[in-house]
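Colleague: Based on what follows, work out the 3D shape:
(one chain, ligands or ions: 1)
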Amino acid sequence: METLPRVGLESIQLRRLRKLVARVYKTVEPYRRKMDAAGIKPEDIQTLADLQKLPFTYKDDLRDNYPFGLFTVPMEDVVRIHASSGTTGKPTVVGYTKKDIDTWANLMARALSCAGAHKGDMVHNAYGYGLFTGGLGAHYGAERLGAAVIPVSGGNTKRQITIMQDFGSTVLLSTPSYALNLADAMEAMGVDPASLSLRVGIFGAEPWSESMREEVEKKLNIKAVDIYGLSEVIGPGVAMECLQTLGGMHIFEDHFLAEIIDPETGEVLPPGEKGELVFTTLTKEAFPVIRYRTKDISRLFYEPCACGRTLVRMEKVTGRTDDMLIIRGVNVFPSQIEHVLVGIEGVEPHYQIVVEREGNLDTMQVRVEVSEEIFSDEIRVLENLARKIQVEIKDLLGVTCSVKLVEPKTIQRSEGKAQRVIDNRKI
Ligand code: DLL
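Modeller: This next block holds a predicted model:
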């Protein structure tokens, strides 16, 4: 499936798409209502391009049909439930049949294998177990691959490091921010990462920049590979970077159809253009989605990859349509600020962006940790550093911000996804 000529792949996709649309139309009232309103019948899907005729599905559709209203099978056929926490409102709930769990395990095994993991590996799974899809999703994939999985979940960081030492963990699975947290804890415990057996880290569930990749690779003495996924589509294992090129994530297109659209107009954009990712699941039974708006911003490119896979690649997610801050009219993504910070000596990649509104004016403060040596240095050194960060952010974004350098370990560490932005504006 991963190296099929594209014509072959596309004919499989079309067959699966037509079957899916017919099934969803028949079994899920909210989908049928939307399609009727748009004047589309399942028979209208004759080519892959006809996908564009179908209405989008939004997170709000999931919320409106909370918890199980968009499931396409009777509840007795559902064997697993997950949910994404979200920051506002009700969580979104997703379900899996036995076959869905099997599909997912295969996909995650394929993803792990893209990163060079194999039978014989000791997979240290620090993604959270529970309603979050990271822990169990990766767990089943590692087992399917034939590797040994250590289900440590997030937290208890010191114990994680002892386990790495004693069990000989070779593959680390975690959020990139937690990987940094682990690196700091190793340093504090006097553990040299080079003395561990870790070879590769598979990091995802939150955005992380190329500069963060370098930082994590250096600090943990491993290769760092990006994995993408979201609960509504299946969980981790929607797309994965290959170790050969580390140049974008291959989307497992035999199961997921990807589009990039203009988030404002909904129009499909040509390959290579930046926009919002939209996914249609082709094989899921319990909870398929049609044209699901992810709000993630990326780009698709079809150029052949040195690894031999013919699957389309998506660029690292650079932000979300909803975490884009508009500061005095300028669009700002946390990833751009991270890029600046990671490039500056003496600054740790632990940061938070605090946005306030004073009168009619937005203000942005970047709080960033500095290393122990710098923090105990003269005030002038600190002032110069703060100014340097301010200037570089201004150069890149055109926005003036204030910079507050804080003591090491004072910004709250994440055990899962990091909270980068605190927006105190009441808009
Ligand atoms: O985060 C699934 C996952 C678990 C992916 C473990 C990778 C590893 P949700 O909690 O539903 O699912 O959150 C999905 O997280 O829409 C993106 O905004 C973000 N996200 C996931 N992977 C990446 C990534 C899991 N590699 C949301 N880069 C998505 C950037 C990511 N953002």
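Colleague: how about the residues of the stretch 51-200 of the chain near the ligand?
Modeller: Residues of the stretch 51-200 of the chain lying near the ligand by CB under 6 Å from any ligand atom: 84, 127, 132-134. Bear in mind the C-beta positions are built from the backbone N, C-alpha and C, glycine included.
Colleague: Check those and tell me the two furthest apart.
Modeller: Pairwise distances among these were taken by CB to CB; the largest, 13.4 Å, belongs to Ser84 and Tyr127.
Colleague: With neighbour numbers in mind, choose between these two.
Modeller: Ranked by neighbour count (other CB atoms under 10 Å), Ser84 and Tyr127 place Tyr127 first, with 29 against 17.
Colleague: picking that back up, could I get the residues of the stretch 51-200 of the chain next to the ligand in JSON lines, plus columns for pLDDT, secondary structure and distance to Val7?
Modeller: Rendered in JSON lines, the data for these read as follows (pLDDT from 0 to 100; DSSP: H, G, I helix; E, B strand; the rest coil; distance: CB to CB, whole Å):
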{"residue": "Ser84", "pLDDT": "84", "secondary structure": "strand", "distance to Val7": "36"}
{"residue": "Tyr127", "pLDDT": "96", "secondary structure": "coil", "distance to Val7": "36"}
{"residue": "Phe132", "pLDDT": "93", "secondary structure": "coil", "distance to Val7": "38"}
{"residue": "Thr133", "pLDDT": "96", "secondary structure": "helix", "distance to Val7": "33"}
{"residue": "Gly134", "pLDDT": "96", "secondary structure": "helix", "distance to Val7": "35"}
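Colleague: For Ile326, state which of those is nearest.
Modeller: Once CB to CB is applied, the member of these that ends up nearest Ile326 is Ser84, at 24.9 Å.
Colleague: my read: that closest one touches Gly235, true?
Modeller: No: assessed by CB atoms under 8 Å, Ser84 is found out of contact with Gly235, at 9.4 Å.
Colleague: Please enumerate the shared neighbours of these two.
Modeller: Overlap of the contact sets of Ser84 and Gly235 (by CB atoms under 8 Å, 6 or more residues apart in numbering) consists of Thr133.
Colleague: what pairs with the longest strand that the chain contains, and is each one parallel or antiparallel?
Modeller: For the chain, the longest strand by residue count, based on DSSP state E, is strand 347-358. Note on strand 347-358: by DSSP bridges, its sheet partners are strand 361-370 (antiparallel), strand 421-423 (parallel).
Colleague: Glu29: which of the ones you listed is closest?
Modeller: Counting by CB to CB, Glu29 lies closest to strand 421-423 out of these; the figure is 36.7 Å.
Colleague: Okay, buried residues for that closest one please.
Modeller: Val421 (16 or more other CB atoms under 10 Å).
Colleague: for stretch 165-183, same thing?
Modeller: By neighbour count on 16+ other CB under 10 Å, the buried set for stretch 165-183 is 169-183.
Colleague: Next, please give the residue ranges for the helices of the stretch 101-250 of the chain.
Modeller: Counting by DSSP state H, counting those that start in this stretch, the stretch 101-250 of the chain has helices at residues 133-145, 157-163, 176-189, 210-220.
Colleague: Need the CA coordinates for the shortest one. PDB is fine.
Modeller: Listed next in PDB are the C-alpha coordinates belonging to helix 157-163 (Å, rounded to 0.1, in the frame of the first residue of the first chain):
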ATOM      1  CA  THR A 157       9.600  11.700  35.400                       C
ATOM      2  CA  LYS A 158      12.500  10.400  37.600                       C
ATOM      3  CA  ARG A 159      11.000   6.900  37.600                       C
ATOM      4  CA  GLN A 160      10.800   7.100  33.800                       C
ATOM      5  CA  ILE A 161      14.500   7.700  33.600                       C
ATOM      6  CA  THR A 162      15.300   4.800  35.900                       C
ATOM      7  CA  ILE A 163      13.100   2.600  33.700                       C
END
